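Trainee: Mind looking at a prediction? Sequence and model below.
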Amino acid sequence: KQEVTQIPAALSVPEGENLVLNCSFTDSAIYNLQWFRQDPGKGLTSLLLIQSSQREQTSGRLNASLDKSSGRSTLYIAASQPGDSATYLCVEGGGFKTIFGAGTRLFVKA
Amino acid sequence: DAGITQSPRYKITETGRQVTLMCHQTWSHSYMFWYRQDLGHGLRLIYYSAAADITDKGEVPDGYVVSRSKTENFPLTLESATRSQTSVYFCASSDAGLAYEQYFGPGTRLTVT
């Protein structure tokens, strides 16, 4: 069974720290990998989408990488802020192949 | 407003009742999806649709029915609600192709008593 695993499950860091969220997947033939942010009681906001032919994507303080050979993706957040506190979901595939990780709950302390 | 909307946002119903969750998108995306989010399971795909009148099962389709007569609407019906269907339901859409980015609605919190 194809799976997406996110480590750590929860993370608490002081404001200003750079941090990395990890995602591993078992399907080497992925279509894409997408990182979402979910705030409590809210929907999902897309942060970055990496196509299978790409190695990384950047948006502001966020950088996501994709290594299909090792089945890993990382989300790097630079200079974290309290407003970054949320659950971050790693999602493999797209359409009917979409598989969600359980998420990493991030808390950034002011 | 452009985007993807869901209604109702909150719903309480009784076991055995039929309930329909609505999803509407204004982008004319060809693909639409329904997910449920439960503690311990993350998000799981219930049904998806590649175009009007084309639907297919996802990971957890039992107990649900979908239809898609118009591109912009993708209702999800629980024909006889059960307590195990208490969950938060998310609708999503994406442009043509499996590799395209998905956009999510705000979710519907459904409680079955």
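Mentor: Everything's here; your move.
Trainee: So which residues on chain A come close to chain B?
Mentor: A:31-32, A:34, A:36, A:42-46, A:49, A:51-52, A:89, A:91, A:93-98, A:100-103 (CB under 8 Å from any CB of the partner chain). Where C-beta positions appear, they are placed from N, C-alpha and C, glycine not excepted.
Trainee: Restricted to strands, list those.
Mentor: Where the residues of chain A next to chain B overlap with strands, as defined by DSSP state E, the overlap consists of A:32, A:34, A:36, A:44-46, A:49, A:51, A:89, A:91, A:100.
Trainee: Just the buried residues of these.
Mentor: When neighbours are counted using 16 or more other CB atoms under 10 Å in any protein chain shown, these contain these buried positions: A:32, A:34, A:36, A:44, A:46, A:49, A:51, A:89, A:91, A:100.
Trainee: Which single one of those is nearest to A:Asn63?
Mentor: Taking CB to CB as the measure, A:Asn63 lies nearest A:Leu49 of these, at 13.1 Å.
Trainee: That closest one pairs with what?
Mentor: A:Leu49 forms beta bridges with A:Gln34, as assigned by DSSP bridges.
Trainee: That one contacts A:Asn32, correct?
Mentor: Yes: counting by CB atoms under 8 Å, A:Leu49 sits close enough to A:Asn32 to count as a contact (5.9 Å).
Trainee: Which residues are in contact with each of these two?
Mentor: Taking CB atoms under 8 Å, 6 or more residues apart in numbering or on different chains as the contact criterion, the residues that touch both A:Leu49 and A:Asn32 are B:Glu101.
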